[in-house]
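S.K.: I'll drop the sequence and a predicted model, then ask my questions.
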Amino acid sequence: MGAFVLALVVDPTTAFAQEETPTLDTGDTAWMLTSTALVLLMTIPGLAMFYGGMVRKKNVLAMVMQVFSVCCLMTVLWMVAGYSLAFGEGGAYVGDLSKAMLSGLTLDSLSGTIPESLFMVFQMTFAIITPALIVGAFADRMKFSAMLLFTGAWMLAIYAPITHWVWGGGFLGEAGVLDFAGGTVVHINAGIAGLVACIVVGKRNGYGTEPMAPHNLTLSIIGASLLWVGWFGFNAGSAVAANGTAAMAMTVTQIATAAAALSWMFIEWMHRGKPSVLGIVSGAVAGLVAITPASGFVDPSGALYIGIASGAACYWAAVVLKNAMGYDDSLDVFGVHGIGGIVGALLTGVFAVEAIGGTPGLLEGNPDQVWTQAYGILATIIYCAVGSFIILKVVDVLVGLRVSEEVERDGLDLALHGEIVQ
Amino acid sequence: MKLVMAIIKPFKLDEVREALTDFGIQGLTVSEVKGFGRQKGQTEIYRGAEYSVSFLPKVKIEVVVNDDQVDQTVESIQKTAGTGKIGDGKIFVLDVASAVRIRTGETNSDAL
């Protein structure tokens, strides 16, 4: 969401001080209704299938259950308090509870040129997918109760405040951090939480010695495709308008994604001898992640380079770094979303074009923007890492984080959910 | 009666079945199995994690025949299932104590 949108949300009159108060624009509203549906599709079934196909068959139902249940839980929590904590006026670090239970939200309340309820539900789909992304890091070994407690608390205590910092009138937005659709808020956030979680929960039993190959990459590529198409709602929808900014965001999203997919594919082809399905879809997601913060600020050329760079960086993180450091980030949440988000957020500072998003980047003579981006990245990493660690430890005391060895060996599906895939 | 059990390469199944039914075999059982002999497995790679897969997909055919058909059965399978390359499989012949056709109650050779 561009910086100017913050002003509209917090106080619809200030941005248009000398002009009329914005009224409902049916074009903007129609597009945002569509975007909301597209972003929800990214989680259910996009992410569910993407992740589901990558785990072993004995854990596929547990994985899709986690994603689906997170969608349901975050919906309610966003309504109850999340939206208010993120977008309520509050202060520099968090919103308030003035909009708890969506009080004050009427048929006619506006947020800029769209209904406020629509802005709220659009943002809800972001609050849904971010914790859903995290579950891939601790796949195959987390208790369902612990997962619900952790993700629920995390969305309210980590996601909502960071959203406020960047888009809700908080200190990062004020500092000029550019994050169009959620490089910091969604991806670095989920990536860091995933990294901390997979280290705290520990490696899967047999990791490194037992085969843990994806059981159905057909599901994963279908899921990745839904993520790609749905991401148009994520990035182009973050324009909160049906206009040139949205169209350009869609354009750069497509270019960066394809470039990143090819980048990963060719690197893997050279490094390992074969271009793989898992590789090309991972590359595509890496590109989608990296272009997310940049989508309203860069031009097609910038998108091309961001794509190529993120495909390479995430390949390195998922294949080289992970094995070197020894953590079991099962579905590469940190490797793809964490590193992809960091690369994308930094490159936004490099490739930002003033004529597109209103702020020049390093290539247009404004190197400070890169430092501003780094500031936003660092603030997100620190708060998320510390906060996630604390929540995990508390949940561990309450219910225990990890399933027993036996359950892990036999598979989560039957033991935790009483169901199997034949 | 003898049970002729053959482990063969999956793509050879149709050829073998045709050859067997051609000289009068009236039924057989097929299962999908995994195994290895001298044929080496493959390597799978997922995001840099390498897995050596030593078990290869095979097909197991089991057919019970009268003693006087055993040689012909074994020869027929060996001819049609072979490719000349490592991994063609093996044929085993086992004794069968008795047989019953469930529908009619016929026994032994009448059940085949």
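M.R.: Sure, I can see it.
S.K.: from here on, contacts and neighbour counts on C-alpha atoms
M.R.: Fine.
S.K.: Just list what the one helix or strand residue A:122 maps to packs against, helices and strands only.
M.R.: Using DSSP states H and E, residue A:122 sits within helix A:116-134. If you count contacts as 3 or more Cα pairs under 8 Å, 6 or more residues apart in numbering or on different chains; DSSP states H and E, helix A:116-134 packs onto helix A:26-41, helix A:60-77, helix A:83-87, strand A:110-111, helix A:144-154, helix A:189-201.
S.K.: what pairs with the fourth one, and is each one parallel or antiparallel?
M.R.: When pairing is defined by DSSP bridges, strand A:110-111 lines up against strand A:114-115 (antiparallel).
S.K.: hang on, the earlier thing: want to throw the helices and strands packed on helix A:116-134 into a markdown table with mean neighbour count?
M.R.: Below are the helices and strands packed on helix A:116-134 laid out as a markdown table (neighbours: other Cα atoms under 10 Å in any protein chain shown):
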| stretch | mean neighbour count |
| --- | --- |
| helix A:26-41 | 20 |
| helix A:60-77 | 21 |
| helix A:83-87 | 29 |
| strand A:110-111 | 22 |
| helix A:144-154 | 20 |
| helix A:189-201 | 26 |
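S.K.: With mean pLDDT and distance to residue A:232 as added columns, please give the ones you listed in JSON lines.
M.R.: Below are these laid out as JSON lines (pLDDT from 0 to 100; distance: least, Cα to Cα, whole Å):
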{"stretch": "helix A:26-41", "mean pLDDT": "98", "distance to residue A:232": "7"}
{"stretch": "helix A:60-77", "mean pLDDT": "98", "distance to residue A:232": "19"}
{"stretch": "helix A:83-87", "mean pLDDT": "98", "distance to residue A:232": "22"}
{"stretch": "strand A:110-111", "mean pLDDT": "96", "distance to residue A:232": "21"}
{"stretch": "helix A:144-154", "mean pLDDT": "98", "distance to residue A:232": "25"}
{"stretch": "helix A:189-201", "mean pLDDT": "98", "distance to residue A:232": "20"}
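S.K.: What lies in contact with the helix ranked longest in chain B?
M.R.: The helix that spans the most residues within chain B, counting by DSSP state H, is helix B:70-81. Residues from elsewhere that reach helix B:70-81 (Cα atoms under 8 Å, 6 or more residues apart in numbering or on different chains): B:2, B:4, B:6, B:8-9, B:12-13, B:15-16, B:19-20, B:88, B:91.
S.K.: The same query, at a cut-off of 10 Å, please.
M.R.: Residues from elsewhere that reach helix B:70-81, judged by Cα atoms under 10 Å, 6 or more residues apart in numbering or on different chains: B:1-20, B:22-25, B:61, B:63-65, B:88-93.
S.K.: ok, now stretch A:266-275?
M.R.: For stretch A:266-275, the surrounding residues in contact (Cα under 10 Å, 6+ apart) are A:260, A:262-265, A:276, A:279-280, A:311-312, A:315-316, A:319, B:45, B:47-48.
S.K.: Would you mind finding the longest strand in chain B?
M.R.: Identified as the longest strand of chain B according to DSSP state E is strand B:56-65.
S.K.: Could you pull up the contacting residues of the residue in chain B that chain A sits nearest to?
M.R.: Across chain B, the shortest distance to chain A (Cα to the nearest Cα) belongs to residue B:48, at 4.9 Å. By Cα under 10 Å, 6+ apart, the residues touching residue B:48 are A:268, A:271, A:272, A:279, A:315, A:316, A:318, A:319, A:320, A:322, A:323.
S.K.: Chain neighbours aside, what residue packs nearest to the spatially most central residue of chain A?
M.R.: What sits nearest the mean C-alpha location of chain A, by Cα atoms, centre = their mean, is residue A:186, with 3.3 Å. Leaving aside its chain neighbours, residue A:186 sits nearest to residue A:130 (5.3 Å; criterion: Cα to Cα, 6 or more residues apart in numbering or on different chains).
S.K.: so how far is stretch B:27-46 off the chain centroid?
M.R.: On the basis of Cα atoms, centre = their mean, to the nearest Å, stretch B:27-46 sits 13 Å off its chain's mean C-alpha point.
S.K.: likewise stretch A:358-365?
M.R.: For stretch A:358-365, the distance to the chain centre is 25 Å (Cα atoms, centre = their mean).
S.K.: average pLDDT for the longest helix of chain B?
M.R.: The pLDDT scores in helix B:70-81 average 96.
S.K.: on that earlier part again, show the pLDDT at the residue of chain B closest to chain A.
M.R.: At residue B:48, pLDDT is 84.
S.K.: Same list, the helices and strands packed on helix A:116-134, but as JSON lines with distance to residue A:327 please.
M.R.: Below are the helices and strands packed on helix A:116-134 laid out as JSON lines (distance: least, Cα to Cα, whole Å):
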{"stretch": "helix A:26-41", "distance to residue A:327": "30"}
{"stretch": "helix A:60-77", "distance to residue A:327": "20"}
{"stretch": "helix A:83-87", "distance to residue A:327": "32"}
{"stretch": "strand A:110-111", "distance to residue A:327": "43"}
{"stretch": "helix A:144-154", "distance to residue A:327": "19"}
{"stretch": "helix A:189-201", "distance to residue A:327": "6"}
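S.K.: closest one to residue A:251 among these?
M.R.: With Cα to Cα as the criterion, residue A:251 lies closest to helix A:26-41 of these, at 15.2 Å.
S.K.: what's the closest one in contact with?
M.R.: A:44, A:46-48, A:71, A:112-115, A:118-126, A:128-129, A:223, A:226-243, A:246.
S.K.: Recalculate using a threshold of 7 Å.
M.R.: Helix A:26-41 is contacted from outside by A:113-114, A:118, A:122, A:125, A:226, A:230-231, A:233-234, A:237, A:240-242, using Cα atoms under 7 Å, 6 or more residues apart in numbering or on different chains.
S.K.: Between those residues, identify the one with the most neighbours.
M.R.: Using other Cα atoms under 10 Å in any protein chain shown as the neighbour test, the contacts of helix A:26-41 are led by residue A:234, with 32 neighbours.
S.K.: Next to chain A, which bits of chain B? Give me the list.
M.R.: Contact residues (Cα under 7 Å from any Cα of the partner chain) of chain B with chain A: B:46, B:47, B:48, B:51.
S.K.: Kindly recompute the last result at 10 Å.
M.R.: The interface of chain B toward chain A, taken as Cα under 10 Å from any Cα of the partner chain, is made up of B:44, B:45, B:46, B:47, B:48, B:49, B:50, B:51, B:52, B:53.
S.K.: which of those residues sit farthest apart?
M.R.: Between any two of these (Cα to Cα), the greatest distance is 16.3 Å, for B:47 and B:53.
S.K.: Give me the more crowded residue out of those two.
M.R.: Ranked by neighbour count (other Cα under 10 Å), residue B:47 and residue B:53 place residue B:47 first, with 20 against 12.
S.K.: Around the spatially closest residue to that one that is not a sequence neighbour, how many other residues sit close by?
M.R.: Leaving aside its chain neighbours, residue B:47 sits nearest to residue A:319 (5.6 Å; criterion: Cα to Cα, 6+ apart). For residue A:319, the neighbour count with other Cα under 10 Å is 17.
S.K.: can you check residue B:58 too?
M.R.: Per other Cα under 10 Å, the neighbour tally for residue B:58 reads 22.
S.K.: How about it: which residues does it bridge to?
M.R.: Beta-bridge partners for residue B:58, by DSSP bridges, are residue B:33.
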